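*Asks:* Please work out how this folds:
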Amino acid sequence: MVFTNLGDYKLNPTVFLNNGTCLYPEIVYPTMLRLPGRGIPLYAIEDKRAHHICTWEGHTNHNDEDDVFYVELNGIVLEFYHVTISVDFAGSHQMQAYSQSCLVHDDERFPVKVHTVNDTKRRNREQQVKLNGNFRAFANLCGFREGKLMRFKLVDTVVEVVEGEENEILVFHVC
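*Replies:* I've put the predicted structure just below:
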């Protein structure tokens, strides 16, 4: 029996008789070993948490969903350099009072600004809070690709003193 590799990457085992004639050629197509895709139950299709895949090696901080929001890494985030935080999350954490934030993924730290948007035309509308920064550079730094569902977990508030002035910085774990 002889195995030959044809030009189009097909494996061709062939059995020869003693006189050199081919007894039985067969083309065997290659198979790739792949893990089956992660199935999502039908009841969880609409839940963003079901679509999140953590790429942070050794990161096990997914037990509670308190202080967490999810954002898809899409063209709007990459091109306009901002992530809009839901009004409920921003209001319950008083994010309007902060001006800086730090995103942490693995050993990487990435500073971003916290910006509050006021609607002057509709005063009864709640203030919108955005994280402004170069999310394309952050995604490249962390190995995220477009379409990834990012999980932001508020883990700490750090006080930094700059020129005698105290600044509170929000720290998010992003995976």
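*Asks:* Check the residue lying closest to Ser99 once chain neighbours are set aside and give its pLDDT.
*Replies:* Nearest residue to Ser99 in three dimensions, chain neighbours excluded: Val114, at 5.6 Å (C-beta to C-beta, 6 or more residues apart in numbering). The C-beta positions use only the backbone N, C-alpha and C, and glycine is treated the same way. Here, the pLDDT recorded for Val114 equals 91.
*Asks:* What of Val104?
*Replies:* 91.
*Asks:* One more: Met32?
*Replies:* 53.
*Asks:* Over to Ala97?
*Replies:* Ala97 carries a pLDDT value of 87.
*Asks:* Please apply the same query to Pro13.
*Replies:* 64.
*Asks:* try the one 4 residues further on
*Replies:* Listed pLDDT for Leu17 reads 67.
*Asks:* can you list the domains in this structure?
*Replies:* Per automatic domain parsing, the structural domains of the chain span 1-30, 65-174.
*Asks:* Buried deepest among the ones you listed, which one?
*Replies:* Burial of the domains of the chain is given as mean neighbour count (mean count of other C-beta atoms under 10 Å); domain 65-174 ranks first at a mean of 15.
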